[in-house]
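1. coords please:
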Amino acid sequence: MKQSLVNLLPPATLAAILAFWGLAPAGLVEQPWTLPLVAVTTIVFVQLLELVFERHEGWRINRTELATDIFYTAFGFLVIGHLSDTLVNSPLRELKADWGIGTPWLAELPFLVQVMVVLFTFEFGQYWMHRAMHNWTPLWLTHAPHHHVTQLNAMKGYIGNPIELFLISLGVTALLDVDLNALFASFTVGGAIATYAHANVKADPPIWYGFFFTTIRNHSLHHTALSYEDTRCNYGNSVIFWDRVFGTYKEGESAVVGQDDRKRLSIKEQWLFPLRPWLEKKQAAEG
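-> Numbers count the residues shown, from 1 in each chain. Sure, this is the predicted structure:
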């Protein structure tokens with residue numbers, strides 16, 4: 001009975017987030033602190049669940065891992081989020097206004113439908129960007145640091161090279177006309193799914209949840225240490241449905257994660273990783 005209740009934690013969390021945004025008054029939604037507060041509260045909640053419902057002892061978080069995860073989470077919100085909005089979303093909104101692009105019918109749809117349209121649209125782009133990162137060496141060099149993590153935890157989705165973090169944040173949702181409540185709900189619901197998909201929490205959601213949304217089972221297999229080829233599946237960050245549609249879904253789970261020699265990279269090594277081939281050649285030449 002206890003495990004059955006734990007398995008319901010991911011869908012229950014999504015339901016709570018949807019209820020909040022669906023019922024929140026406009027004045028609260030428009031406050032600049034509301035969106036980050038909901039997102040951070042969700043992350044903290046799932047991180048605490050790791051302490052109570054641990055999935056793998058080898059993924060148990062320590063101070064070094066926690067400090068790194070907090071740094072990257074803050075970096076994602078404050079830097080990557082700002083760059084995405086400034087360099088992509090704002091120009092898209094201007095383009096939308098200049099070209100008269102509009103989808104007013106979207107705002108007329110039920111709240112939950114609007115949320116899912118935004119979530120699945122954004123994740124469609126993420127799926128193909130993520131898949132490209134595993135199939136083209138220049139992009140893989142930016143993404144590889146994320147696969148050098150040797151354990152999965154609630155904030156591990158934010159770990160990576162800054163170039164990759166920026167690229168994976170890109171989307172066209174700024175072109176869509178939806179209620180602000182629905183837009184923010186899609187962001188935080190997607191974030192909650194991805195947080196659980198990286199978390200060391202012994203929760204296996206119901207079949208219907210795992211059919212559409214990414215779980216730790218799906219994503220741990222994507223992070224497997226077996227080989228690079230074995231990571232080329234389950235690309236969905238939050239929505240595993242696109243993997244099912246495009247034939248990249250694979251069933252299974254991996255308790256051992258990390259690429260190459262499973263060496264944990266420092267932040268400096270993660271940021272310099274795209275230059276690794278050039279640095280290795282330079283070092284060999286000097287040696």
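2. Report whether the expected contact of residue 225 with residue 254 is present.
-> Yes. Between residue 225 and residue 254 a contact is recorded at 7.1 Å, counting by CB atoms under 8 Å. C-beta coordinates here come from the backbone N, C-alpha and C atoms, glycine included.
3. can you map out the helices along the stretch 151-287 of the chain?
-> Listed in chain order, the helices of the stretch 151-287 of the chain (DSSP state H, counting those that start in this stretch) span 162-167, 180-198, 207-212, 216-222, 241-246, 267-272, 276-286.
4. now those helices in a markdown table, with mean pLDDT and mean neighbour count?
-> Conversion of the helices of the stretch 151-287 of the chain to a markdown table gives the following (pLDDT from 0 to 100; neighbours: other CB atoms under 10 Å):
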| stretch | mean pLDDT | mean neighbour count |
| --- | --- | --- |
| helix 162-167 | 97 | 20 |
| helix 180-198 | 98 | 24 |
| helix 207-212 | 97 | 13 |
| helix 216-222 | 96 | 23 |
| helix 241-246 | 98 | 17 |
| helix 267-272 | 95 | 14 |
| helix 276-286 | 79 | 10 |
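5. Dump those helices into CSV; add distance to residue 120 as well.
-> Compiled in CSV, those are given as follows (distance: least, CB to CB, whole Å):
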stretch, distance to residue 120
helix 162-167, 20
helix 180-198, 9
helix 207-212, 9
helix 216-222, 16
helix 241-246, 7
helix 267-272, 30
helix 276-286, 35
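6. need the contact list for residue 49.
-> Going by CB atoms under 8 Å, 6 or more residues apart in numbering, residue 49 touches 9, 154, 199, 201, 203.
7. Nearest to residue 234, out of the helices of the stretch 151-287 of the chain?
-> Residue 234 lies closest, by CB to CB, to one member of those: helix 216-222, at 4.3 Å.
8. So what's the gap between that closest one and the chain middle?
-> Here helix 216-222 shows a centroid-to-chain-centroid distance of 13 Å under the convention CA atoms, centre = their mean, to the nearest Å.
9. Can you report how many residues lie near the residue nearest to residue 198 when sequence neighbours are not counted?
-> Spatial nearest neighbour of residue 198, chain neighbours left out: residue 156 (4.2 Å); criterion: CB to CB, 6 or more residues apart in numbering. Other residues near residue 156 number 27, with proximity taken as other CB atoms under 10 Å.
10. Likewise for residue 239?
-> Neighbour tally, residue 239, other CB under 10 Å: 25.
11. Also residue 129?
-> As a burial measure, the neighbour count of residue 129 was computed by other CB under 10 Å and equals 19.
12. Under a three-state scheme, what state does it occupy?
-> For residue 129, the assignment made with DSSP: H, G, I helix; E, B strand; the rest coil gives helix.
13. Now do the same contact list for it.
-> If a contact means CB under 8 Å, 6+ apart, then residue 129 has 167-168, 170 as its contacts.
14. Out of the residues you listed, which comes closest to residue 13?
-> The nearest member of the contacts of residue 129 to residue 13, counting by CB to CB, is residue 168 at 22.3 Å.
15. What distance do you get for the closest residue to residue 265 other than its chain neighbours to residue 68?
-> In space, not counting the residues next to it along the chain, residue 265 is nearest to residue 148; the distance is 4.8 Å by CB to CB, 6+ apart. Distance check for residue 148 against residue 68: by CB to CB, to the nearest Å, it reads 12 Å.
16. My guess is residue 214 contacts residue 192. True?
-> No. Contact criterion CB under 8 Å: residue 214 and residue 192 do not qualify, at 11.2 Å.
17. before we move on, the earlier item: which one of the contacts of residue 49 sits closest to residue 18?
-> The shortest separation between residue 18 and any of the contacts of residue 49 is 14.9 Å, and it belongs to residue 9 (by CB to CB).
18. contacting residues around the closest residue in space to the closest one that isn't next to it in sequence?
-> Leaving out its chain neighbours, the residue that sits closest to residue 9 by CB to CB, 6+ apart is residue 203, at 5.0 Å. For residue 203, the set of contacting residues under the criterion of CB under 8 Å, 6+ apart consists of 6-7, 9-10, 49, 53, 55, 196, 216.
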